[in-house]
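Trainee: structure of the sequence below:
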Amino acid sequence: MFKDRHCARVLAMQMLCQWDVQKDESRAELETSLSEQQTSLNERNYARALVTGYWEAKDEVDRRIADSATKWDFSRISPVERNAMRVAVLEMLGGDVPVKVAIDEAIDVARAYGGKDSPRFVNGVLDGVLRKIQEETGTND
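Mentor: Numbers count the residues shown, from 1 in each chain. Presented below is the predicted three-dimensional model:
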């Protein structure tokens, strides 16, 4: 199951990168893209949940990333970094995935698909998002 989720996160990141370019939030386009993937049903289902979950919460997710990327204009963050963080923040807010796992997975995706400094950048921004969530909820998990 853990491998399924990792692959699903990569797939969701890729689909969100595609959405960044096409700006098509249609369910039909999502289903077409998913049907073209040679992945397991579990991977496609989790990727679908992540993408549609992002579409439903995109304002909050993007605001949290932008607020924590203090020295970067949100639109100038690379698509890989931005979308890996979108997946992670969505999982962090959802509560079904331990926040450290969500952050580690985003770092791994950034390492595999981003630039040389992507893992460090993603880690720093998501650490800021986590601190703000902890302040809001009064937790230290």
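Trainee: and W72, helix, strand or coil?
Mentor: Here W72 takes the coil state, with states given by DSSP: H, G, I helix; E, B strand; the rest coil.
Trainee: gap between it and V87?
Mentor: In this structure, W72 and V87 are separated by 18 Å, where distance is defined by C-beta to C-beta, to the nearest Å. Bear in mind the C-beta positions are built from the backbone N, C-alpha and C, glycine included.
Trainee: neighbour-wise, which of the two wins?
Mentor: More neighbours surround V87 than the other of W72 and V87, with 27 against 15 (other C-beta atoms under 10 Å).
Trainee: how about the contacts made by the more buried one?
Mentor: V87 is in contact with 9, 12-13, 16, 50, 54, 102, 105-106, 109, counting by C-beta atoms under 8 Å, 6 or more residues apart in numbering.
Trainee: need these in JSON lines with pLDDT and secondary structure, can you?
Mentor: Listed next are the contacts of V87 as JSON lines, based on pLDDT from 0 to 100; DSSP: H, G, I helix; E, B strand; the rest coil:
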{"residue": "R9", "pLDDT": "94", "secondary structure": "helix"}
{"residue": "A12", "pLDDT": "92", "secondary structure": "helix"}
{"residue": "M13", "pLDDT": "92", "secondary structure": "helix"}
{"residue": "L16", "pLDDT": "90", "secondary structure": "helix"}
{"residue": "L50", "pLDDT": "93", "secondary structure": "helix"}
{"residue": "Y54", "pLDDT": "92", "secondary structure": "helix"}
{"residue": "A102", "pLDDT": "95", "secondary structure": "helix"}
{"residue": "E105", "pLDDT": "96", "secondary structure": "helix"}
{"residue": "A106", "pLDDT": "97", "secondary structure": "helix"}
{"residue": "V109", "pLDDT": "96", "secondary structure": "helix"}
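Trainee: ranking those by neighbours, who comes first?
Mentor: Each of the contacts of V87 was scored for neighbours by other C-beta under 10 Å, and M13 scores highest at 30 neighbours.
Trainee: that one reaches E81, doesn't it?
Mentor: No. Here M13 lies out of contact with E81, judged by C-beta atoms under 8 Å, at a distance of 9.6 Å.
Trainee: where exactly do the helices run in the chain?
Mentor: With DSSP state H as the definition, the chain shows helices at residue ranges 2-22, 27-35, 41-68, 79-94, 99-113, 118-137.
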